[in-house]
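Undergrad: sequence first, predicted coordinates after that:
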Amino acid sequence: MYDALTKFGEASGNTPNMQTEHPKRRFYRFGEFVLDTGRGALLKDGVEVRLRPQSYEVLRYLVQNHGRLVAKDELMGAVWGDTVVTDGSLTQCLIDVRKAIGDASRSMIRTVPRRGLIFDSPVEDAGAPAAATVAVYPGGAEAGRRLRFSFIIMLLSVAASAAWWAYRSTGPMAPPATSASAHPRSVAVLPFVDMSEQENQEYFSEGISEEILNRLAQVPELQVIARTSSFSFKGQNADIAAIAGKLHVAHVLEGSVRKAGDRIRVTAQLVNASNSVRVWSQSYDREFDEIMALQDEIAAAVKEALQVPSTRSPPAREAVPTDARAYERLLLARFFHSRRGSGDLERAEHQYREALRADPGLARAWAGLAGVYRVQMAQQHLAPEAGLAGMREAVEQALIHDPELAEAHVRAGSYYRIVGESATALKHHQTARRLAPNDPLVLSTAAGFAAFRGRLDEAIELQSRAVEMDPLSFAGRNNLAAFLQGTGRFSEAKREYERALEINPEASDIKVEIAFVLILLEQFEEALSAIQGWPDGPDRDKGLALAAHSLERPADADEAIGRLMARSGERATRYLAEIYAWRGDLDEAFTWMARSAAEGRADERPTSRDAITEIHISPFLEPLRDDPRWSETLAIDE
């Protein structure tokens with residue numbers, strides 16, 4: 001635009017002279033993108049996608065040579081010329097390019113093992129843009145000013161049109177997220193990109209990222225976002241500032257991993273989210289057996305880059321595998337454990353067993369097995385008797401081999417809570433909190449145990465800290481909402497349920513909870529309208545009974561109660577206790593509450609929130625809490 005404006009008014013005559021601007025400027029279209037060589041920019045829907053200059057040049061060269069194998073040396077020579085750079089520089093540029101293009105990059109940019117890269121996507125050479133011609137009008141400076149004015153008006157019109165279409169498409173634009181107010185030593189570790197030739201080492205690249213994250217989380221002076229939240233951006237074309245704004249951090253650590261045989265190349269960079277400036281970056285070439293030491297080295301480098309003072313002794317380090325292959329199996333098991341796709345729990349169990357076959361003293365694999373058994377029991381994929389026996393063995397072995405492993409104490413606390421030994425469970429939860437005070441898993445399980453014992457204020461405090469460390473955790477938001485609801489903070493609970501629903505829009509159970517909160521907020525008609533559209537089941541019966549009673553429709557309320565009484569299971573009995581408490585019939589409410597608690601104790605299947613916890617956090621049972629029968633019915637060990 002500068003070249004065009006400086007030419008206004010230079011010519012004279014009665015007809016405009018046409019001069020071509022940017023004679024080498026061309027448009028290349030591929031997929032949803034346009035490469036504008038005049039601007040040196042990648043565009044999507046007319047909006048520039050941010051790329052560092054060298055990353056843009058890598059993409060430009062590949063696009064202009066689409067369909068042809070480009071050797072690595074050729075590509076590096078075209079981008080850097082005679083400047084000596086390492087392979088890590090090209091790797092980082094490819095990471096940037098893949099991130100900018102998103103999921104489509106895997107099919108567009110194909111790696112040919114040991115040979116080079118192919119831009120394997122149709123590319124349309126749209127030629128030079130028509131807008132590259134500039135009319136040079138007679139009339140001198142005055143005409144130039146008029147034309148400049150018209151040009152500015154045109155730009156404003158285009159901007160206004162773009163804003164209008166953005167509004168039409170997405171609604172009113174929210175203020176951009178910012179990391180400016182984040183803790184200066186806060187960091188999110190993104191999943192490192194798998195740059196292996198076959199692109200089949202995702203479990204390994206993610207595992208290394210998680211291990212670095214865990215090491216940083218042990219530094220008391222750092223605020224490190226948990227895996228659930230930081231890994232939720234995997235595969236998304238989001239820039240660093242947007243990610244940091246959502247996670248409320250000041251820095252982001254990203255990188256790539258290439259594994260070939262027994263050699264590993266890891267590239268990592270720490271970025272200041274406020275200005276996208278690299279604070280630190282480094283590439284490492286190591287033997288596979290050195291991977292654990294390398295993770296320590298990267299974590300130490302990040303700590304140094306963030307100028308963390310060494311004023312406290314670091315926590316005891318988790319025991320590491322004595323066999324590197326056992327460690328690889330452990331990473332693969334944890335990958336499946338976290339992914340939770342069809343059959344993944346069984347795959348995780350198998351890989352944990354393989355890791356233990358290579359290293360029987362690997363405490364983290366034992367703790368992982370205990371977690372697998374717990375979920376399998378909760379999902380009714382494993383009988384309680386077998387699951388509890390396996391869980392007990394795994395917990396005991398984990399604690400024998402590493403008594404300082406926080407996860408082992410978390411699993412032990414869960415086991416003893418399931419079998420009814422709440423005093424022992426409490427000791428393990430307290431030990432876990434001492435060992436890993438900022439770990440979201442530790443905080444969340446401790447919050448759940450506090451709720452189990454009826455200490456909802458403590459549960460809210462712990463769960464709030466867990467959400468701060470893991471802000472995009474669906475389960476974390478859901479549990480915090482339930483605890484808030486249990487203490488009568490209904491508006492806050494509704495906001496947390498709505499945030500959980502934003503994270504997982506398909507969660508129908510959250511929509512149920514929001515309707516119940518509407519009843520507590522005395523918005524009965526709105527709640528009833530939502531409830532009537534639900535499928536037949538206990539939730540619908542409970543909602544109809546509560547709303548209909550509040551709207552003085554006794555026949556509808558009694559009909560819903562009758563359907564609930566015909567149902568079996570702890571949930572139906574608890575719902576009846578809540579309905580009768582809401583109606584003021586305390587004797588009948590205690591009858592059903594006692595039955596619910598007894599049925600819950602008889603059910604050894606662990607759930608996210610068991611019957612006793614659900615009773616404690618139910619706001620509909622509030623009228624019963626000052627009655628002596630409340631403590632007698634629940635009888636929790638202190």
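TA: All right, it came through fine. Numbers count the residues shown, from 1 in each chain.

Undergrad: where in the stretch 351-500 of the chain is pLDDT low?
TA: For the stretch 351-500 of the chain, applying pLDDT under 70 flags no range at all.

Undergrad: could I get the full set of helices for the stretch 451-600 of the chain?
TA: 456-469, 474-486, 490-503, 508-520, 524-531, 538-550, 554-565, 570-583, 586-602 (DSSP state H, counting those that start in this stretch).

Undergrad: go through the ones you listed and name the closest to Pro623.
TA: Nearest to Pro623, of all these, is helix 570-583, at 5.0 Å by C-beta to C-beta. Where you see a C-beta, it was placed from the backbone N, CA and C, and this is true even at glycine.

Undergrad: ok, and what's touching that closest one?
TA: With contact meaning C-beta atoms under 8 Å, 6 or more residues apart in numbering, helix 570-583 is reached by 538, 541-542, 545-546, 549, 561, 564-565, 586, 588-593, 595-596, 599-600, 603, 611, 614-615, 618, 620-624.

Undergrad: and the angle for it with helix 586-602?
TA: Going by axes from the mean of the first three to the mean of the last three C-alpha atoms, to 10 degrees, helix 570-583 is angled at 160 degrees with respect to helix 586-602.

Undergrad: quick one: mean pLDDT over helix 570-583.
TA: Mean pLDDT, helix 570-583: 93.

Undergrad: what's the local residue count around Thr487?
TA: 16 (other C-beta atoms under 10 Å).

Undergrad: look up phi and psi at it.
TA: The phi and psi values for Thr487, taken as degrees, to the nearest 10, are phi -100, psi 10.

Undergrad: if I look at it, how far off is Ala370?
TA: Computed as C-beta to C-beta, to the nearest Å, the Thr487 to Ala370 distance reads 32 Å.

Undergrad: same deal with Leu356?
TA: For Leu356, the distance to Ala370 equals 12 Å [C-beta to C-beta].

Undergrad: what's the answer for Val395, then?
TA: 5 Å.

Undergrad: what sits in contact with each of these two?
TA: Contacts common to Val395 and Ala370, judged by C-beta under 8 Å, 6+ apart, are Ala408, Arg411, Ala412, Tyr415.

Undergrad: got the domain ranges for this protein?
TA: 2-23+130-170, 27-127, 186-314, 322-437 (automatic domain parsing).

Undergrad: so where's this structure uncertain?
TA: Residues of the chain that meet the criterion pLDDT under 70 lie in 1-25, 82-88, 113-114, 127-181, 237, 310-322, 601-609, 636-638.

Undergrad: what's Gly476 in contact with, if anything?
TA: Contacts for Gly476 (C-beta under 8 Å, 6+ apart) come out as Thr228, Pro440, Ser444, Gln463, Ala466, Val467, Asp470.

Undergrad: tell me the one of the residues you listed nearest Leu247?
TA: Of the contacts of Gly476, the one sitting nearest to Leu247 (C-beta to C-beta) turns out to be Asp470, at 9.4 Å.

Undergrad: apart from its chain neighbours, what residue comes closest to the closest one?
TA: Ala226 (3.6 Å; C-beta to C-beta, 6 or more residues apart in numbering).

Undergrad: in this structure the one you found contacts Pro440, no?
TA: Yes. Assessed by C-beta atoms under 8 Å, Ala226 is found in contact with Pro440 at 4.4 Å.

Undergrad: okay, and the common contacts of those two?
TA: Met469, Asp470, Ser473.

Undergrad: which of those has the most neighbours?
TA: Neighbour-wise, these (other C-beta under 10 Å) top out at Asp470, 25 neighbours.

Undergrad: ok, the closest residue to Pro53 other than its chain neighbours to Tyr373 distance?
TA: Spatially, and ignoring its direct neighbours in sequence, Pro53 is nearest to Gly40 (7.3 Å; C-beta to C-beta, 6+ apart). Distance of Gly40 to Tyr373, computed by C-beta to C-beta: 56 Å.

Undergrad: just confirm Leu480 contacts Lys494, I think it does.
TA: No. Using C-beta under 8 Å, Leu480 makes no contact with Lys494, being 12.0 Å away.

Undergrad: between the two, which has more neighbouring residues?
TA: Leu480 (26 against 21).

Undergrad: what residues does that one make contact with?
TA: Leu480 touches Ile460, Gln463, Ser464, Ala466, Val467, Glu496, counting by C-beta under 8 Å, 6+ apart.

Undergrad: for it, give its distance to Asp36.
TA: For Leu480, the distance to Asp36 - C-beta to C-beta - is 46 Å.

Undergrad: for Arg353, same thing?
TA: 54 Å.

Undergrad: so for those two, which sits in the more crowded spot?
TA: Taking neighbours as other C-beta under 10 Å, Arg353 and Asp36 compare with Asp36 leading, 18 against 13.

Undergrad: now do the buried residues in stretch 291-308.
TA: For stretch 291-308, the neighbour count (16 or more other C-beta atoms under 10 Å) marks Ile291, Leu294, Gln295, Glu297, Ile298, Ala299, Ala301, Val302, Lys303, Ala305, Leu306, Val308 as buried.

Undergrad: identify all contacting residues around that stretch.
TA: 185, 187, 208, 211-212, 215-216, 219, 221-222, 251, 253, 264, 266, 268, 270, 279-280, 282, 284, 286, 320-321, 324, 327.

Undergrad: okay, and which of those map to helices?
TA: Ile208, Glu211, Ile212, Arg215, Leu216, Ala324, Tyr327 (DSSP state H).

Undergrad: which two in the residues you listed are spaced the farthest apart?
TA: Leu216 and Ala324 (22.0 Å).

Undergrad: between those two, which is the more surrounded one?
TA: Leu216 (22 against 18).

Undergrad: and Arg334, backbone torsions?
TA: phi -70, psi -30.

Undergrad: residues contacting it?
TA: Gly207, Glu210, Ala348, Gly368.

Undergrad: equivalent analysis for Gln223, please.
TA: His183, Arg185, Ser186, Val187, Val249, Asn438, Met469.

Undergrad: go on, Val257?
TA: Contacts of Val257 by C-beta under 8 Å, 6+ apart are Phe192, Val193, Asp194, Met195, Ser196, Gln201, Phe204, Ser205, Ile208, Ile264, Arg265, Val266.
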